[in-house]
Each structure stands twice: as structure tokens, then as C-alpha cells.
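Enquirer: Sequence first, predicted model second:
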Amino acid sequence: MDEKTAALAPVKPSGAYDVGAVEDFEFDVVKIFELEIGSVGVVRTSRGFYAVRNRCPHMGAPVCRGRFGGTNVTSEPDDLVYGFREDVIRCPWHGLEFHMSTGESVYGMTKGRLITYTVDIEDGRVLVSRRRGGNARPSTSS
């Protein structure tokens, strides 16, 4: 995972942070940025971009250093079904899983949720809003 060490200040009148060009983001790789609002992980998926606070609500772990992708979903006995592709981040400390799209824990394993942020694309640049999102919508990735 790539990490920017200098704290980025908002660059847009709206208070959005410019975290790079769209083409600088590999698909399904979380990049971590230190912003004035805190450490934030940004990921590009086939559905667009998501951004979440890099702090697990369980015990404060850097959740964006965990595995990103999907998880096993409820299925019939003896079946193993993988789902929620491009939407789940797993905490590296205790394995709790969260939806990047909503911040909610997968299957309600914990009451806490990740803080999500709106991501917009303007002129090929990825902009993370200062506004917290309830349900982050994926931005258009191009």
C-alpha cells in the first residue's frame, strides 16, 4: 500500500482534497493519505472510488492496511461462496470486515462503522470531500 506522509490541505473551495490523478490509482489497491481530517484510505474499483477513515472502530487499528476485496457470504452447507467483491476491507488486527460503500461491518459483527467520505472526479483528478458520507457512492472512475 502506498502512503503519502505529508498532510495534504484542501485545495478546492469546497474543502475537497486532491489526492492524485485517476490513472495514479491501480484497481483494488488501497492508497493511504494523511489529510488534515486524518488518515484516509482511497480505493479505485470497477464501480468507482471509495474513501474511508483509516481507523477501525473496534480498537483503532489502521484498517486500510488490511486486505481489500470480498469475503465469504452466507451459503448452503458444504458450499463456499465468495461475494461482496470490491467492497470489503478486512482489519489487519482482528479480521473484522467492513463494507467500503457504507462503512458498516459485514454481517453486523461490530456495532461500530467506518467513517466514509464522498469522492468526486474533476478533470481527471480524484477529490476526497471533507464531508463524511453515510453511504459513500462510488464516483465515476474515468
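Expert: Right, received. Where do you want to start?

Enquirer: helix or strand right after the worst-scoring helix or strand of the chain on mean pLDDT?
Expert: Every helix and strand of the chain was ranked by mean pLDDT, DSSP states H and E. The lowest is strand 81-90, at a mean of 70. Note on strand 81-90: by DSSP states H and E, the next helix or strand toward the C-terminus is strand 97-99.

Enquirer: how much distance is there from that following strand to the middle of the chain?
Expert: Computed by C-alpha atoms, centre = their mean, to the nearest Å, the chain-centroid distance of strand 97-99 equals 10 Å.

Enquirer: list the helices and strands the helix or strand following that strand packs on?
Expert: Proceeding N to C from strand 97-99, the next assigned helix or strand is strand 116-122, under DSSP H and E. In terms of contacts (3 or more C-beta pairs under 8 Å, 6 or more residues apart in numbering; DSSP states H and E), strand 116-122 is packed against strand 48-53, strand 125-133. Placement of C-beta: from N, CA and C, glycine included.

Enquirer: and those strands as JSON lines, adding mean pLDDT?
Expert: Converted to JSON lines, these look like this (pLDDT from 0 to 100):
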{"stretch": "strand 48-53", "mean pLDDT": "93"}
{"stretch": "strand 125-133", "mean pLDDT": "83"}
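
Enquirer: Burial check on Tyr107, number of neighbours?
Expert: Neighbour count for Tyr107, taken as other C-beta atoms under 10 Å: 10.

Enquirer: and it, what is it in contact with?
Expert: Glu97 (C-beta atoms under 8 Å, 6 or more residues apart in numbering).

Enquirer: Out of the helices and strands packed on strand 116-122, which one sits most buried?
Expert: strand 48-53 (a mean of 25; mean count of other C-beta atoms under 10 Å).

Enquirer: List the neighbouring strands of that strand plus their orientation.
Expert: Its sheet considered, strand 48-53 pairs with strand 38-45 (antiparallel), strand 116-122 (antiparallel) by DSSP bridges.

Enquirer: Thanks a lot, see you next time.
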